[in-house]
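Peer 1: can you look at this prediction? I've put the sequence above it.
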Amino acid sequence: MSNNQADTVPRCLFDNADKIGGAPAFGEKYLGIWQTYSWHDTAAEVRALACGLAALGLERGDMVAIIGDNRPHLYWVFFASQSLGAVPVPMYQNGVAAEFEYVLNHAAVRFAVVEDQEQTDKLLEIKDQCPSLEGIIYHNPRGMRSYEQSFVHSYTDIQAKGREYDVQHPDYFERELAVGKADDVVGIFYTSGTTGTPKGVQLTSKNLLSSARDFNGQEGLNERDRQVNYAPMAWIGDHLFMCLSLSAGSCTNCPESPETLLVDVKEIGPTMFFAAPAIWEGLLTSITIRMEDASKIKRSMFNYFMDLAKSVGIRILDGKSVSIAERVLYGLGNLLVYGPLRNNLGLSRTRLAYTAGEAIGPEIFSFFRSLGINIKQLYGQTEATVFICAQPDGEVKSDTVGKVFPGVELRLSDNNEVFYRSPGVFHSYYKNPESTAETKDAEGWVATGDAGFIDDDGHLKIIDRAKDVGLMNDDT
């Protein structure tokens, strides 16, 4: 594991460039070809972009919107902005113009970095309603040749200007990088707004790095690990997974598109893989359909060895005792069924797999674990910098969200609402002190809104939303 103890996110990046500069940091599939960027490459790209943004007028405390699919160049906008003391504001790329308008105005965004023409057009549609928005920077030049607005810039042009600026101001970047503090806000992540207008959750370097390092300490991530980042960059989970790689020195890979995700996963062969329950369910469905079309002999062999796996495979994965005969039979099943299945899914090298959000069906959970895929549940919130509970190896249950995460304190109120306190607890809601006070008390305890209980093994089980439990209690 990378022994990187830098106290701010951008300094963590540049420490990696100094210590493990040649190791892969980011991978991207573009036009069918995989490109890899080392930590040294990444640091150079980030420095050029930061200086280019400075030449454009970006100042400490300014807000920078980031809109697009997962791309190394867009992740680098986070680091470049943070290096100068500006605050990244990632936005959901599939949002409509009106949703963009709310966040741009609420956060008073000065510059927006977008992936392509589609996102540029959305911003141009609402720019007159967003008085703080001064500049739009696009990365993909396709279709952008005829855009002549003075405030629309090419990402590569900004980097070129940044290299010139760096030569002219040789001490500027290091000086700005050194000013940052662990408690500085380094990102605003807007909630979905399902119960009202979205709230901007402000997170600091300390929030992100403490959560990432506690996770890596429990799960043992290191420089040899690699993951696939495909969830929206505006979702805190995706950003924290990128920070896991940052703190461990491992590699973040971006698929070519959502449509090619499963093919790209096979090519990457991730050692760590996160997927929502719907994706795990889809994978199981595709396997089931393929087996229905297989020959009778193959179906019989599949059913026999899967029955064996459900009784033996999970015990092996959890480090429990199995007989020599069971281990031999499971080894044969691994050769004929489990291994080829994992390989077909692209998960042959996966030693850590996760799911979170809504509950995953126990049959889905047990199916993948019986194959030897170490899938586990996570429980968290944006306000917690994700992690509240997680399932340790050897203590995995389909109906719980695991034990309290390292560094987290947990308590239940009289109506069983879950409260937590940790180094990951958010700084505040942007421009919303009332909601901040309602959610986080003076001692740092945060209300989740979920009701649950701790079972005999110390696992948290979520049963409902706390307000709904209260209603049921009132009715009885």
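Peer 2: Happy to help now that I have it.

Peer 1: contacts and neighbour counts: CA atoms only from here.
Peer 2: Will do.

Peer 1: looks to me like Lys376 is in a helix.
Peer 2: No: counting by DSSP: H, G, I helix; E, B strand; the rest coil, Lys376 is not found in a helix; it is strand.

Peer 1: next, the nearest residue to it once chain neighbours are set aside: phi, psi?
Peer 2: Among residues not flanking Lys376 along the chain, Tyr354 sits closest, at 4.9 Å (C-alpha to C-alpha, 6 or more residues apart in numbering). Taking degrees, to the nearest 10, you get phi -140, psi 160 for the backbone angles of Tyr354.

Peer 1: hang on, isn't Tyr354 packed against Arg369?
Peer 2: No: look at Tyr354 against Arg369 with C-alpha atoms under 8 Å: they stay out of range, at 11.2 Å.

Peer 1: number of residues surrounding Pro170?
Peer 2: Residue crowding around Pro170 was assessed by other C-alpha atoms under 10 Å; the count is 11.

Peer 1: ditto for Glu292
Peer 2: 11.

Peer 1: in the stretch 51-200 of the chain, where is pLDDT below threshold?
Peer 2: Along the stretch 51-200 of the chain, segments meeting pLDDT under 70 span 193-195.

Peer 1: residues contacting Leu317?
Peer 2: The neighbourhood of Leu317, defined by C-alpha atoms under 8 Å, 6 or more residues apart in numbering, consists of 369-370, 372, 374, 394.

Peer 1: can you add pLDDT and give these back as JSON lines?
Peer 2: Shown next, in JSON lines, are these (pLDDT from 0 to 100):
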{"residue": "Arg369", "pLDDT": "93"}
{"residue": "Ser370", "pLDDT": "94"}
{"residue": "Gly372", "pLDDT": "93"}
{"residue": "Asn374", "pLDDT": "92"}
{"residue": "Gly394", "pLDDT": "87"}
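
Peer 1: which of these are buried, as a PyMOL select command?
Peer 2: To isolate the buried ones among the contacts of Leu317 in PyMOL, judged by 16 or more other C-alpha atoms under 10 Å, type:
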select buried, resi 369+370+372+374
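
Peer 1: got CSV for the contacts of Leu317, with distance to Gln129 and secondary structure too?
Peer 2: Listed next are the contacts of Leu317 as CSV, based on distance: C-alpha to C-alpha, whole Å; DSSP: H, G, I helix; E, B strand; the rest coil:
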residue, distance to Gln129, secondary structure
Arg369, 51, helix
Ser370, 54, helix
Gly372, 53, coil
Asn374, 49, coil
Gly394, 54, coil
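
Peer 1: now, which of the contacts of Leu317 sits nearest Ser300?
Peer 2: Nearest to Ser300 among the contacts of Leu317 is Ser370, at 17.5 Å by C-alpha to C-alpha.

Peer 1: who touches that closest one in this structure?
Peer 2: 306, 309-314, 317.

Peer 1: so which of those belong to helices?
Peer 2: 306, 309-314, 317 (DSSP state H).

Peer 1: follow-up on the earlier one: any idea how far Pro170 is from the residue nearest to Lys376?
Peer 2: Separation of Tyr354 from Pro170 (C-alpha to C-alpha, to the nearest Å): 44 Å.

Peer 1: with Ala442 instead?
Peer 2: Going from Ala442 to Pro170 by C-alpha to C-alpha gives 44 Å.

Peer 1: also Gly449?
Peer 2: Separation of Gly449 from Pro170 (C-alpha to C-alpha): 50 Å.

Peer 1: now do the contacts for the residue nearest to Glu383 when sequence neighbours are not counted.
Peer 2: Leaving out its chain neighbours, the residue that sits closest to Glu383 by C-alpha to C-alpha, 6+ apart is Phe426, at 5.0 Å. Contacts for Phe426 were tallied using C-alpha under 8 Å, 6+ apart; they are 201-204, 207, 382-385.

Peer 1: ok, Ile67 next?
Peer 2: So Ile67 contacts 74, 90-93, 112-115, 119 (C-alpha under 8 Å, 6+ apart).

Peer 1: can you pull up the bridge partners for the residue lying closest to it once chain neighbours are set aside?
Peer 2: Nearest in space to Ile67, with sequence neighbours left out and distances taken as C-alpha to C-alpha, 6+ apart, is Val114 at 4.7 Å. With DSSP bridges as the criterion, Val114 is bridged to Ile67, Tyr138.

Peer 1: likewise for Val446?
Peer 2: Tyr420, Lys440.

Peer 1: how near is it to Gly458?
Peer 2: From Val446 to Gly458 the distance is 20 Å (C-alpha to C-alpha).

Peer 1: tell me which of the two has more neighbours.
Peer 2: Neighbour count, other C-alpha under 10 Å: between Val446 and Gly458, Val446 has more, with 23 against 12.

Peer 1: pretty sure that one is touching Ser422, no?
Peer 2: No: the criterion here is C-alpha under 8 Å, and Val446 misses it with Ser422 at 9.2 Å.

Peer 1: the ones in helices among the contacts of Ser370, buried ones only, as a PyMOL selection?
Peer 2: This is how PyMOL selects the buried members of the ones in helices among the contacts of Ser370, with burial counted by 16+ other C-alpha under 10 Å:
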select buried, resi 306+309+310+312+313+314+317
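
Peer 1: out of the ones in helices among the contacts of Ser370, which one sits closest to Thr8?
Peer 2: Lowest distance from Thr8 to those (C-alpha to C-alpha) belongs to Leu317, with 36.6 Å.

Peer 1: pLDDT score assigned to that closest one?
Peer 2: On pLDDT, Leu317 comes in at 91.

Peer 1: now swap in Ile289 and tell me
Peer 2: 92.

Peer 1: from Ala278, how far out is it?
Peer 2: For Ile289, the distance to Ala278 - C-alpha to C-alpha - is 16 Å.

Peer 1: comparing these two, which residue is more hemmed in?
Peer 2: Set side by side, Ile289 and Ala278 give different neighbour counts by other C-alpha under 10 Å, the larger being at Ala278 (15 against 10).

Peer 1: what is whatever helix or strand that one lives in packed up against?
Peer 2: Take DSSP states H and E as the rule and Ala278 turns out to sit in helix 277-292. Helices and strands touching helix 277-292, by 3 or more C-alpha pairs under 8 Å, 6 or more residues apart in numbering; DSSP states H and E, are helix 296-317, helix 362-370.
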